[in-house]
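>>> no sequence on hand, only this structure:
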């Protein structure tokens, strides 16, 4: 396990990806809980990203560091758009700042049918298939955990998450206005939200750090946990630039 030094002044809020629960951040919670008050907030309550973010803001501390993975990163960008003064630093992991196109939004419909029928392992496999992860010995274990988390989240919540993704807006303008220490991280093997999209996001955020993890895909928190923990620890230690 990565040894983390220092202390993060603000609570750290982690937002998991679609069909994920706190286990997707398990290694980071273990390491970072020694230096920060760590909270994992659910992104399951609402059929629009705006609704999910608004509900979370009613529950979260007055000011917090925010890290989101995949769909959690999209919700993090909406939180930043709504309440920039409450976010002290931002980490976006394997996510996407662009809105869905009509064609890509329509492509989710077969997954809605599967989720409503209870075939959540199939939905998880369709969304986070082997091709979205790095090759290696840990891939079967990550896929197994992904299916277990999807079952735990439940069909109704997964349908809500799909609807929210279909309707999401473009967050490029929000990123341009970001003025807090920011980390943009992705796995080099991520084909779902590939590195070039993260290069774009990092270029939009003034002073953002970009990290591409070579041996990871779409779920680097599980595939290469130590590398992600080190990156988050470095991000947490960065001092804000003078305004």
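Structure received. No experiment lies behind these values; they were computed from the predicted model shown.
>>> need the helices for the protein, in chain order.
With helices called from DSSP state H, the chain shows them at 26-32, 49-57, 71-82, 102-106, 109-116, 120-127, 139-153, 155-166, 172-176, 195-204, 220-223, 225-237.
>>> residue 183 is nearest to which of those?
Judged by C-beta to C-beta, the one of the helices of the chain that comes nearest to residue 183 is helix 225-237, at 4.0 Å. Any C-beta I mention is one placed from the backbone N, CA and C, and that applies to glycine too.
>>> contacts only, for the most centrally placed residue in the chain.
By C-alpha atoms, centre = their mean, the mean C-alpha position of the chain lies nearest to residue 69, the distance being 1.2 Å. Residues in contact with residue 69 (C-beta atoms under 8 Å, 6 or more residues apart in numbering) are 14-17, 20, 24-25, 93-95, 219, 221.
>>> if we go to 7 Å?
Residues near residue 69 by C-beta atoms under 7 Å, 6 or more residues apart in numbering: 15-17, 24, 93-94, 221.
>>> which of these are buried? Put it as a ChimeraX command.
Entered in ChimeraX, the line below selects the buried ones among the contacts of residue 69, by 16 or more other C-beta atoms under 10 Å:
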select :15,16,17,24,93,94,221
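>>> from the contacts of residue 69, which is closest to residue 194?
Closest to residue 194, out of all of the contacts of residue 69 and judged by C-beta to C-beta, is residue 94, at 9.4 Å.
>>> on that earlier part again, any chance of the contacts of residue 69 in TSV, plus pLDDT and distance to residue 204?
Formatted as TSV, the contacts of residue 69 follow (pLDDT from 0 to 100; distance: C-beta to C-beta, whole Å):
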residue	pLDDT	distance to residue 204
15	98	19
16	98	24
17	97	21
24	98	25
93	98	16
94	98	17
221	98	23
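>>> need the contacts of residue 69 in TSV with distance to residue 180, can you?
As requested, the contacts of residue 69 are exported to TSV (distance: C-beta to C-beta, whole Å):
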residue	distance to residue 180
15	16
16	21
17	22
24	23
93	16
94	20
221	21
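>>> looking at the contacts of residue 69, which one is closest to residue 175?
Once C-beta to C-beta is applied, the member of the contacts of residue 69 that ends up nearest residue 175 is residue 93, at 14.4 Å.
>>> and residue 136, how far from residue 185?
Residue 136 sits 18 Å away from residue 185, going by C-beta to C-beta, to the nearest Å.
>>> more neighbours: which of these two?
Per other C-beta atoms under 10 Å, whichever of residue 136 and residue 185 has more neighbours is residue 185, with 27 against 14.
>>> backbone torsions only: list them for residue 133.
phi -110, psi 160 (degrees, to the nearest 10).
>>> for residue 118, see how far away the closest residue to it other than its chain neighbours is.
Residue nearest to residue 133 in three dimensions, not counting chain neighbours: residue 217, with 3.8 Å by C-beta to C-beta, 6 or more residues apart in numbering. Separation of residue 217 from residue 118 (C-beta to C-beta): 27 Å.
>>> who has more neighbours, those two?
Neighbours per residue (other C-beta under 10 Å) separate residue 217 from residue 118, with residue 217 holding more: 30 against 12.
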